[in-house]
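Colleague: Predicted model, plus sequence, below.
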Amino acid sequence: LPNSLFSLAQNSVVRRLLGSTQARQWLVGAHTRRAEHSLGGARGTVSQPPVATQPQAEERALRDQLAASPERVELHVELSKLLLKQKRADDVVEMLWPAVQRAPKEASGPLRFQLALALALRGDHEAAAALLLQVLEMEPGFVEAALCLANCQQAQGKLEAAAATLEAVAGQRSELAGWARAQAASLRAQQQSGASRSIQDDSPGVGGS
């Protein structure tokens with residue numbers, strides 16, 4: 001799916017999800033490595049809407065194209081990016097749930113990824129993580145999805161799972177290995193610290209009356 005992941009990685013949505021300068025820089029650089037990315041078999045070029053001064057005009061043009069060709073995955077992706085830039089996560093969820101259900105599974109990866117981002121942004125981390133796991137089943141090397149999954153797992157308090165996801169990222173991308181392993185170690189340290197406090201808090205007193 002040419003350009004869609006790069007454009008998404010540049011906007012505030014993924015920046016808010018990832019929160020790491022190194023990870024964000026890697027995502028931007030991913031455009032040159034994944035320019036021909038076709039996750040889930042989705043291909044095609046979006047017909048560019050007329051130049052407009054208002055996002056509403058671009059949205060209207062994309063919706064018109066979707067009305068004419070509702071099966072085109074790339075149109076749903078482009079519209080969802082536009083809506084996410086406007087922080088309209090609820091609108092993205094409303095649009096993409098039925099699109100995911102209609103699309104053949106092998107072509108639904110980009111839709112599931114976009115839907116997961118929208119769900120994560122509105123705080124539905126469990127549902128977002130489930131979708132991201134589905135995306136990674138279809139393309140295990142999709143590091144952008146893995147990074148977002150780690151954030152969703154951390155948000156749910158699943159620190160060991162998030163650390164394991166980051167360790168997998170480290171094994172897939174040498175340019176992220178140092179950062180990912182450091183983040184994983186930090187998450188495990190947080191988990192151990194929390195466990196230690198819990199044990200101390202719950203331990204019975206010694207030599208009580």
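Modeller: The structure has been received and is ready for your questions. These numbers were taken from a predicted model, which means no experiment stands behind them. Numbers count the residues shown, from 1 in each chain.

Colleague: what comes up buried for the one helix or strand residue 99 maps to?
Modeller: Element membership for residue 99 (DSSP states H and E) is helix 89-102. By neighbour count on 16 or more other C-beta atoms under 10 Å, the buried set for helix 89-102 is 89, 91-93, 95-96, 99-100. C-beta here means a position set from N, CA and C on the backbone, and glycine is covered the same way.

Colleague: what do you get for stretch 68-88?
Modeller: Those would be 72-84, 88, for stretch 68-88 by 16+ other C-beta under 10 Å.

Colleague: Export those residues as TSV, with columns for distance to residue 59 and secondary structure.
Modeller: Conversion of the buried residues of stretch 68-88 to TSV gives the following (distance: C-beta to C-beta, whole Å; DSSP: H, G, I helix; E, B strand; the rest coil):
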residue	distance to residue 59	secondary structure
72	16	coil
73	18	helix
74	16	helix
75	12	helix
76	13	helix
77	14	helix
78	10	helix
79	7	helix
80	11	helix
81	11	helix
82	6	helix
83	7	helix
84	12	helix
88	10	coil
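
Colleague: quick one: which of those residues is nearest to residue 154?
Modeller: The closest of the buried residues of stretch 68-88 to residue 154 turns out to be residue 84 (C-beta to C-beta; 20.6 Å).

Colleague: So in this protein, which helix runs the longest?
Modeller: In the chain, assigned by DSSP state H, the helix with the most residues is helix 174-202.

Colleague: Averaged pLDDT, that one. What do you get?
Modeller: Helix 174-202 carries an average pLDDT of 81.

Colleague: now the helices for the chain?
Modeller: Chain-ordered helices for the chain, with DSSP H as the definition, fall at 4-10, 12-18, 21-33, 55-68, 73-85, 89-102, 109-121, 125-138, 143-155, 159-172, 174-202.

Colleague: Poorly predicted segments of this structure, please.
Modeller: 1-53, 195-209 (pLDDT under 70).

Colleague: wait, doesn't residue 148 sit right on residue 120?
Modeller: Yes: the pair residue 148 and residue 120 passes the contact test of C-beta atoms under 8 Å, sitting 6.7 Å apart.

Colleague: looking at the helices of the chain, which is buried most?
Modeller: Per-stretch averages of neighbours, counted by mean count of other C-beta atoms under 10 Å, single out helix 109-121 among the helices of the chain, with a mean of 26.

Colleague: Quick one: list the elements packing against that helix.
Modeller: Counting contacts by 3 or more C-beta pairs under 8 Å, 6 or more residues apart in numbering; DSSP states H and E, helix 109-121 packs against helix 4-10, helix 12-18, helix 73-85, helix 89-102, helix 125-138, helix 143-155.

Colleague: what's the angle from the fifth one to helix 109-121?
Modeller: Regarding helix 125-138 and helix 109-121, their directions subtend 160 degrees when assessed with axes from the mean of the first three to the mean of the last three C-alpha atoms, to 10 degrees.

Colleague: helices and strands around helix 125-138, which ones?
Modeller: Helix 125-138 packs on helix 109-121, helix 143-155, going by 3+ C-beta pairs under 8 Å, 6+ apart.

Colleague: So what angle separates the directions of the last one and helix 109-121?
Modeller: Read it as helix 143-155. Using the same axes, to 10 degrees, helix 143-155 lies at 30 degrees relative to helix 109-121.

Colleague: Right, I'll call it a day here.
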